[in-house]
Each structure stands twice: as structure tokens, then as C-alpha cells.
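*Asks:* Sequence first, then the predicted structure, then my questions.
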Amino acid sequence: MSADANGREHALPDLGPAAPLALPVRAETVLPCGLTVVAIARRTAPLVELRLWVPMALVDVAAGALLAQTLFSGTGTRSATEIAVELQAAGGTLGGRADPDRWLVSGHCLASRLDRLLEVLADVLGDAAYPEYEVSVERGRLADRARVALSQPSHVARAELLKRLYGDHPYAVETPGPERVNAVTAEEVRTLHGRRMCPGGATLVLVGDLDPDDAVELVAHRLGRWTGSCGDTRMPAAPPPSPGPLLLMDRPGAVQSSMRLALPAPVRDHPDNAPLQLANLIFGGYFCSRWMENLREDKGYSYGPSSVIDHSLGGSAVMLSANVATEVTAPALVETLYELGRIAALPPSSAEVERARRYAVGTLQVGMATQAGLAGLAGTLAGFGLRLDYLALHAERLASATVEDVHRVAVTYLGPGHASGVVLGDIERIGRGIAAVTPVEIRQGSPI
Amino acid sequence: MTRMPAREPAAVPRTGYRIERFTLGNGLRVVLAPEDGSPVVGVAVVYGVGIRSEPEGRTGFAHLFEHLMFQGSANLDKLAHFRHVQGAGGTFNGSTHLDYTEYVQTVPAHALERVLFLEADRMRGPRLTPENLRNQVDVVKEEIRVNVLGRPYGGFPWLRLPPVMFDTFPNAHDGYGSFEDLEAAGVEEAAEFFDRYYACGNAVLSLTGGFSPEEARRMVERHFGDVPARPAPPRPDLSEPGLSGRAPHRPGPPDPCRPEARLSGSGRPGPAGGRHRSYVDEAAPTPMVAAAWRVPDPVADLAGYLPYVVLAEVLTDGVSSRLVERLILKDRLATGVSGYMGFMGDAFDAYDPTVLLLQANLPAGGSAERALKAADEELDRLADGGLPESELARVRARMITLLLRQGDAVIHRGVRMAVLELQRGNPALLNELPALLTSVTPDQVTAAAAQLRPHRRASIEVVAGRRG
């Protein structure tokens, strides 16, 4: 506290009482066709957000990606342009993306035009045509995008880490390479759609300026005739990250090294997840984490390291990522291993736990305050078979986690002895330093 | 929710954000936009200083200084700002734009007063030390390495196109800064920069979200009322003539900090006039091209400017837009196309001179010249063949939706209102934008398209240096 020129004192104001986590009004049903529909009211803007999660387990990732890219490229009755015109007139957009777990169709529109958006969606789900010409255009675009991704050091480092972690499991490849994309035919995509783009197991989430019951009814009317049966293909459990030597990959002349490490984590709804979220925040999961304060604010080694808990249907992992200047790569690795060791070996302070707790609960409120944020959250939870109620349970677990709980999960999951990782950088300049710190496996030949 | 079976575009919804504005005795302008029942509050402070305020020899200084504003102040140690905001359950950020610098926080509503305290404390003066300066120079260098030097297409087009388009230092220079300039920065200069530009007469504070206006007003006066009064400095002179009819541009020397960027173009008139420059990016697997044209003054001539805002969407929003249909789907000259206003992609954040910008990802072996030529033909077709009302109506619906969607986040609304206050003294313009955009006619859009001629264009091309 200090006094200003007028002798007035300025002191940090206390926080007022926190509002409890308020869950919005919602409705849910399972249509006879098997589609689960969740509608959530959030009337802050006259819009509706849409998320459709369709399971994609064990689908070839290149074919899955091309399907997502061409789902809106035409139907038996509408051309790609006609679809785009109708969506645009509704103030809307719809687009598909694929990852090893699922296809996710995301979009939004003016609330008054939700019916139009759903009609277009029903048409593509039931009658997507995958016309040869449009598919060839989109295949070229997707392959080019894959080429660009392969030129990005961040992408390459993550891709190599996933290969190392997951071996033969589908999670080893998140983004298909250009050759695999180019090998997929329109006919294969059409067949895949018939075989796997089914309402059973899929969940549609609507969030926005709507009456939940009316919205569910509207979906039943529009999507009720989406048919097909795909059986129940589940993602096999992924192996947890297992410790091993650090993989060193060469990028001659790189101005920065891309460091990526993985640690084990419990599945999304495991009770350990709340204390692990707190432990991860304290270690490296937000700006005032130890890792950020050390690497950036004390040493100036990095613009911003980050550590996130990545949940997938087949398993979870803590993923660490830092881009550091070439000349300080080994010292940055030392600090990283030190901070992981510290959080595992010693209990955090109660002030650190309180700060992380308030952040975890507060940012949940902040994230749910927008329609798009709420839709993203509800859509992701739905893919895991969870609903917004889970957030109330999770918030309770965050509230009750003790310093001992946080330390216990840190020992279990975050110790550097559990880490597996890769560093992509100029081996000639960083190799010796890193090899002196930790066992390495060097892969010569430039991946990038 | 209403259900309308009709196929014509929807009626345009309007926003009615409640907006109050007042000025404290020391000259600080304040905008309040309360929203009943919102569990969160956005607090934004914008200062009227940005990349285009930097003096020669001090490239990157505005951005570096933004970092220094997080390094502590009279009552706050280094790291305290981060800890107090995140420890209250909130998020923060800062970002430096061409003509202003923003500091933003989104927090649960009960943390409002804490954030006001934090912002007021650094408005009185950051704690500038040689150690913190050195540390943040290192951090900024890492930021430039990760965003520009260490990746393909780094700084494209926002850092690459201005020096082709403009001749004067404020408009043309690299806003991230050269390492040489960053390393030469000293604490005294930082203090002078603060005194001159971070005057409370040069700042706007905005609050959006769940709070009572009366209470908020009292809090604002309590925390900011005694910030010493300093007037806003004169605005930098950014004026320079448009490209048409100017002498050929002489390129500067290659930047030693950008060894991967071998400038091979000359800034000489391109094949169809205007200015064109290309450079080899050794890490890029496919080519890209971007082109920009000067547009009317967004502040002094808003009515003349808005048709260009609409035009950018007509050209590039979605599969049914003119350039996506032609360049991507029909001719396969590009794999991605986008169009937007201003080098930083925000239509309402910059003073004159500013631009309409188009950019395209090209396929491997693709030709920038052919892509630009096809875009020229589409602009001609629009200028000569007209714009159907139905096409404009759906583009309009999409634009309004995007405005509403961005505005759904309290902090986005808050920054927008603060910048409208800072640059125009009119934060309520936010409520009028949907109607103003709706009033743009097809003839105005086609007249704008007619202005985007090759001889008025500056373009930049990335030549792929990597076999992919």
C-alpha cells in the first residue's frame, strides 16, 4: 500500500462474494432415430449456436477429414453454392471437422432462422452427394493445407510426439499427410457416409436465444428422418504416456526449438481430475503458473509455455508445449524438469491452490457467459456422454480439493519421471547440451 | 424463438446495448454498458498510442511498452497483475494495434473493483526497471521468433504489405520492431513514452456486463479520480497520397533480422500497374498473395467507407461469395481466399490511411499474377454487371450475425465501445452499425468495386522456397 500525491491510500480491494455457478435452462431428448438432442437457453444475443458430434472411432483419418471437408458440397437437390446461399441468408454458417474421436459440425445462425439451418443440415446428413468435381477441389485444398501444416514447426513437433505416444493406436495420427488425402476417392467418402454418419450415438447441441422445449421439438421435426444404423464402434483405450528418452529431431538453422512433453492423466470424469486441474494450473496451466513465471517472466527464455490436460475418448494426457530460443534450449529444459520435479516432490502452498481454484471456477463462469463458449463446452461434454450437470459436480470437486489432494495427484501424474517427449530444433547447436541433461534418442534427417 | 418458413433473408435484428458515458475531472473518458444478470464484467482500457505513433529508430516500441505495463506499478510488484486477475477467476490480455493499445480483463462480476484498482495503479505509472525492461525485450524477441521468424508465412501480410503500400515511416514500418531497435530501448525513453502517450486524457475506460452503473461510477471515481491530469498528445501525421500517379517506390535494404526473406521484387509497377513485390520464404511449401487498396477515411467519411466493408464480404464470405466461387471452385487458382478491412483485420479500429485487403493461398506452383487477374475480372464484373439485391441481402444478414456474435462477449463489446469513444467520441455507434450496414445500397457496393483498380493496388507475394 502506498499514498499518492494527495495523501490518499490505494489498497487492493477485497473480492465481493462469488456468485454460485448457475446452469442455464435446458431440455433433452433422444429421437426415435437415435439422435440425442440437447437445447440450452442463453438469450444474450438473437442467435443460435449449433454443435453436432458424430462418433468417428476407427475411421481412416484421411477419409474422415475429406468427408468433413465435403459434407456441404452438395446433395441430391442442392448444389454447394445453393447450400451456401441458404445458410448465408439465415445469417449462418455450418462446417465440419474431423479428429480421431469424432466429426464435429459447428455453426450458428440468426435465431429466427434456426429452422432453415436445420433443414439444410438434415438435407446434407441424409442426402450428401459428394460430387466428383467438388470432392476433387476440396481434396486438393485439404492436401495443400496438410503440406502447410507439415511446414509449421509446432505442428511437426506435436505430430511426432503423438506418434511416439500412441504407436499403432488411431491417436498417433491427428492430421493426415497429403499423400493419404490424395488417395481418397469420392466413392470412398460416399460409402463412409453411409456406413458411419448415423444418428445413433450422435448428439446435437443447440445453445442460444431459444425455448429449449420448442427447439427440441423443431429438431425432432427436421432431423427425425435422418436414418441409418452404424452399430457401436468404440475407440479402444489408448496407452498412457510411458517414460523414455527424449526424441531429438533436427531442424537445421531453426531460431527456436519446439519442446513437447506428455504426462499421464486420468479420464475426463475421474475424481482425480479436479485436483489434477489445480496441480496443472499451478505447474504450467495458466499465466501465473510456476513454469510461466520461471521461463518467461524470470528468464525470458520463451514467449509463453503452456500445459493442458487433453481429454480424448480413449484416454487423457497432460500435454506440455514450449518454444524456446535455440541458445537456451538446454537451460529451458532444465527449468521445465525442475518445475515438474518440484510440483511432484513438494506440496504446493495453500495460496497457490486457492488462486488456481478461483481461476478454475471463475473461468468456467466466464467461458459459459457467451453462447459460443457455452455451446463449445456443452458440445464437448456431450461427446463424452456428459451434460452440464457434470460441471456442477466438477466445481464441487474443485471446491473441496485440499493441498494434500493436489500434491497426491501431482506425484501420481506430473513427476518428470513419467514424461515422454520430443524436441525439434537445430541439433548441431542444442544436441550436446540436451544430451547432458537427459537421455536422448537422436533422429537425424530433417523432418521439416 | 419464432419460426419463419420464408426463404427470403431474415429481418435484421438490432442491438440495444445501454450505454452511458462521462468524463472525469482529469480528462479520463469512461463508457459504461451494464447488462442485467450477466455473471461477468469486462474491463477495457485503451490508450491512443500504437504502432503508428512510434518515432523512427524505435520500431516495436509501442508493443514493447505494452509488455512493460504488466511489470508492476506503485502498489503492485512484478507478477501481481497476473496473479490478482487470474486469482479472481478472470482472464487478461494486452494488444498493440496501429493506432491504439488495449488492456483487457474479463472477470466474475464480484472482482470488478479489484480490476479497476489494478488498471488505475498502472495508469498512474508503471514500475520501469532495467531488469524488467531487459526481461521483456527477451520475451518480445521470443514472440517475434515464434510468430514471424521461426515459421512459414511469418508476418504475412500484416508486416509485409505496409512497406509496399506506403512510403512514410509511421505507415510503412515493422510494428513488431527490429531486434536492433528493441535492444537499444532504455528505461528513460520508456518513462518519456509513458508521460507523453499514457496520459489519462489519451485514454478511455470501458465497463461492460453485470454491474450497477451507479455503483460502478462511484468505484471509477474512487480509483481513477486522482490519476494526475495530462492532456492527449497531438495525433501523429499519417497522411500520404494514394498510390495512383506516384513515382515508383524504391525498396529499402533487406532486413538483416529476416534472413529467410530475400526481397526479390522491386516495388516497381506490377504487370498491371500498382506496386508488386515478392519474396522467397524458404520454409513455405506453397505460394500466397495479398493485395490492398486504400479506402475512404473510416472516421471522417464513415458513409463513404461502409460500402467497402460490405464489399469485402460480398467478395469473400463463404462458398457463395464472388472470389471463393471463382478462384477456388471454378478456376482452382487458389485454395483459400479471405478479404477484410485494415491490416489487423478489424474494420473499426484504424484511422486513415487504411485499406481493403484480399489474400489468397495458392496451390503448389500457382500463379499470383493469374489469381490477381481473376480477382480483377470479378471486380470488373461486379462494377459493370451490378449486385443483385438478393445477394446483398444475404451478405448483410451474415455481417449482422457476425457483429452480434462478436458482441456476445462482454470484453469484445467493451473494447469496441472504448475505441469508438477514443476515435469518434461515439461509443453508441456500436448500436447503429447494423442499421448503417443495412442502408448500404447495391450501387454503393459496385461503385466501391470500381475503385479497386490494378493501378491503385499494392500487392505482395510469397514465393514458396520449400519443396512440399
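*Replies:* That came through fine.
*Asks:* Report the spatially nearest residue to residue 83, omitting neighbours in sequence.
*Replies:* Just going to use chain A. residue A:72 (5.3 Å; C-beta to C-beta, 6 or more residues apart in numbering or on different chains). Heads up, the C-betas are built off the backbone N, CA and C, glycines and all.
*Asks:* Actually, chain B is the one I wanted.
*Replies:* residue A:288 (4.6 Å).
*Asks:* So that neighbour: helix, strand or coil?
*Replies:* coil (DSSP: H, G, I helix; E, B strand; the rest coil).
*Asks:* What about the residue in chain A positioned nearest to chain B, how many residues nearby?
*Replies:* For chain A and chain B, the shortest gap (C-beta to the nearest C-beta) falls at residue A:362, measuring 1.3 Å. Applying other C-beta atoms under 10 Å in any protein chain shown, we find 27 residues neighbouring residue A:362.
*Asks:* give me the element it is part of.
*Replies:* Element membership for residue A:362, per DSSP states H and E: helix A:350-368.
*Asks:* which strands and helices sit next to the very next helix or strand once past that helix?
*Replies:* Next along the chain after helix A:350-368, taking DSSP H and E as the criterion, comes helix A:371-383. Applying 3 or more C-beta pairs under 8 Å, 6 or more residues apart in numbering or on different chains; DSSP states H and E, one finds that helix A:371-383 makes contact with strand A:36-41, strand A:47-55, strand A:102-110, strand A:203-208, helix A:350-368, helix A:389-400.
*Asks:* most tightly surrounded among the ones you listed?
*Replies:* strand A:203-208 (a mean of 29; mean count of other C-beta atoms under 10 Å in any protein chain shown).
*Asks:* quick check: angle from the next helix-or-strand element following that one to strand A:203-208?
*Replies:* Once the chain leaves strand A:203-208, the next helix or strand it forms, by DSSP H and E, is helix A:212-223. Angle, helix A:212-223 to strand A:203-208, by axes from the mean of the first three to the mean of the last three C-alpha atoms, to 10 degrees: 130 degrees.
*Asks:* Now do the buried residues in helix A:212-223.
*Replies:* Neighbour counts over helix A:212-223 (16 or more other C-beta atoms under 10 Å in any protein chain shown) mark A:212, A:215-216, A:218-220, A:222-223 as buried.
*Asks:* likewise stretch B:137-155?
*Replies:* B:137-146, B:148-155.
*Asks:* returning to that earlier point: backbone phi and psi for the residue nearest to residue B:83, please?
*Replies:* phi -90, psi 40 (degrees, to the nearest 10).
*Asks:* Hmm, residue B:87 and it touching each other?
*Replies:* Yes - contact criterion C-beta atoms under 8 Å: residue A:288 and residue B:87 qualify, at 7.1 Å.
*Asks:* any shared contact partners between these two?
*Replies:* Counting by C-beta atoms under 8 Å, 6 or more residues apart in numbering or on different chains, the contacts common to residue A:288 and residue B:87 are residue A:355.
*Asks:* just the strands in chain A please.
*Replies:* A:2-3, A:9-10, A:26-30, A:36-41, A:47-55, A:93-98, A:102-110, A:203-208, A:246-250, A:256-265, A:306-312, A:315-325, A:420-425, A:440-443 (DSSP state E).
*Asks:* any weak-confidence spans in the stretch 101-250 of chain B?
*Replies:* Flagging of the stretch 101-250 of chain B using pLDDT under 70 yields the residue ranges B:245-250.
*Asks:* tell me which parts of it are close to chain A?
*Replies:* Residues of the stretch 101-250 of chain B found near chain A (C-beta under 8 Å from any C-beta of the partner chain) are B:106-111, B:113-114, B:116-117, B:120-121, B:124, B:134-139, B:141-143, B:145-146, B:149-153, B:223, B:226, B:228.
*Asks:* near chain B, which residues of the stretch 151-300 of chain A show up?
*Replies:* A:151-154, A:178, A:209-211, A:214-215, A:218, A:254-256, A:286-288, A:293, A:296-300.
*Asks:* One more pass at 7 Å, please.
*Replies:* A:151-153, A:209-211, A:214-215, A:218, A:254-256, A:286-288, A:293, A:296-297, A:300 (C-beta under 7 Å from any C-beta of the partner chain).
*Asks:* List buried residues within those residues.
*Replies:* A:151-153, A:209-210, A:215, A:218, A:254-256, A:286-288, A:293, A:296-297, A:300.
*Asks:* residue of chain B with the smallest distance to chain A?
*Replies:* Counting by C-beta to the nearest C-beta, chain B gets nearest to chain A through residue B:89 (1.3 Å).
*Asks:* Shouldn't that residue be within a helix?
*Replies:* No - counting by three-state DSSP, residue B:89 is not found in a helix; it is coil.
*Asks:* which residues sit in contact with the nearest residue to it once chain neighbours are set aside?
*Replies:* Closest residue to residue B:89 apart from its sequence neighbours, by C-beta to C-beta, 6+ apart: residue A:362 at 1.3 Å. Contacts for residue A:362 (C-beta atoms under 7 Å, 6 or more residues apart in numbering or on different chains) come out as B:88-90, B:107-108.
*Asks:* Could you work out the end-to-end span of stretch A:69-84 for me?
*Replies:* Length of stretch A:69-84, first residue to last, C-alpha to C-alpha, to the nearest Å: 14 Å.
*Asks:* cool, stretch B:449-458 as well?
*Replies:* End-to-end distance (C-alpha to C-alpha), stretch B:449-458: 16 Å.
*Asks:* Could you list the residues in contact with that stretch?
*Replies:* B:161, B:164-165, B:242-244, B:272-275, B:291-294, B:311, B:356, B:376, B:379, B:382-383.
*Asks:* so of those, which ones are in strands?
*Replies:* Counted as lying in strands by DSSP E, out of these, are B:273-275, B:291-294, B:356.
*Asks:* In chain A, which residue is most central in space?
*Replies:* In chain A, the centroid-proximal residue (C-alpha atoms, centre = their mean) is residue A:310; its distance is 6.7 Å.
*Asks:* mind checking pLDDT for that one?
*Replies:* The model reports residue A:310 with a pLDDT of 97.
*Asks:* Apart from its neighbours in sequence, what residue is nearest it?
*Replies:* Nearest to residue A:310 is residue A:319, by C-beta to C-beta, 6+ apart, at 4.9 Å.
*Asks:* Pull the contacting residues for the residue nearest in space to the middle of chain B.
*Replies:* With distances taken as C-alpha atoms, centre = their mean, residue B:344 lies nearest the centre of chain B, 3.5 Å away. Counting by C-beta under 7 Å, 6+ apart, residue B:344 touches B:97-98, B:158.
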